[in-house]
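Peer 1: let's see this in three dimensions:
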Amino acid sequence: MSPIPDDLTTIKDDMIAFIEGHGMRRFHGYVDYEEVQCIMWEMGDNPEGWKDFVELAKAANAPFLTMHSWKLEREELDDLVEHLGQSELADGDDAEDARWLRAHIGKIGFLQLGWAYQGSMFLCEVGTDWYERYQRLVEVSEDFGAIPIDEPDQDDEL
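Peer 2: As a prediction, the model looks like this:
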């Protein structure tokens, strides 16, 4: 069983208190690691490894940390279930997995902390098991949308 709880709301509250307790500020924003150079923090088996990350940011004189949280919203999940259900290529298990996620509506499933240092972003991410499943389903759904069907090939046009 994962040491990470099913809802990260309490961890988010702890992060806010811990960061502010260190006299640091938070910048509400998400760092897209595909857009900027990032170094990921490895927490290992320590579910409170994010505290070491915050303390390192403080020691590096980071003036603030970026903070992002993601909560599963009903509309997002309904759209995903509908998209997976309408796709002829979708696996029936994928649509069932998406419906199973309804038990997590309103819960925070992902948290990201970050700070900049010498041109790189240092990131610490905490995610639930169900968030990983959700992300996999989103990728599957996007893959179905990217497959062109009944479009002529260049070879067909010759």
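
Peer 1: C-alpha only now, for contacts and for neighbours.
Peer 2: Will do.

Peer 1: the helices in the protein, which residues?
Peer 2: For the chain, applying DSSP state H gives helices covering 9-21, 49-59, 74-86, 92-100, 129-145, 154-157.

Peer 1: give me the angle between the longest strand that the chain contains and helix 49-59.
Peer 2: In terms of residue count, the longest strand belonging to the chain (DSSP state E) is strand 108-117. Orientation check (axes from the mean of the first three to the mean of the last three C-alpha atoms, to 10 degrees): strand 108-117 against helix 49-59 gives 20 degrees.

Peer 1: packing partners for strand 108-117?
Peer 2: strand 64-71, strand 120-127, helix 129-145 (3 or more C-alpha pairs under 8 Å, 6 or more residues apart in numbering; DSSP states H and E).

Peer 1: can you pull the buried residues of it?
Peer 2: Within strand 108-117, the residues that count as buried by 16 or more other C-alpha atoms under 10 Å are I108, G109, F110, L111, Q112, L113, G114, W115, A116.

Peer 1: where does pLDDT dip in the protein?
Peer 2: By pLDDT under 70, the low-scoring segments of the chain are 1-2, 87-91, 144-158.

Peer 1: let's see 80
Peer 2: For the chain, applying pLDDT under 80 flags the ranges 1-3, 85-95, 143-158.

Peer 1: mind listing what the residue most central in space within the chain touches?
Peer 2: With distances taken as C-alpha atoms, centre = their mean, F110 lies nearest the centre of the chain, 4.8 Å away. Contacts for F110 (C-alpha atoms under 8 Å, 6 or more residues apart in numbering) come out as L8, S69, W70, K71, E125, V126, G127, T128, Y131.
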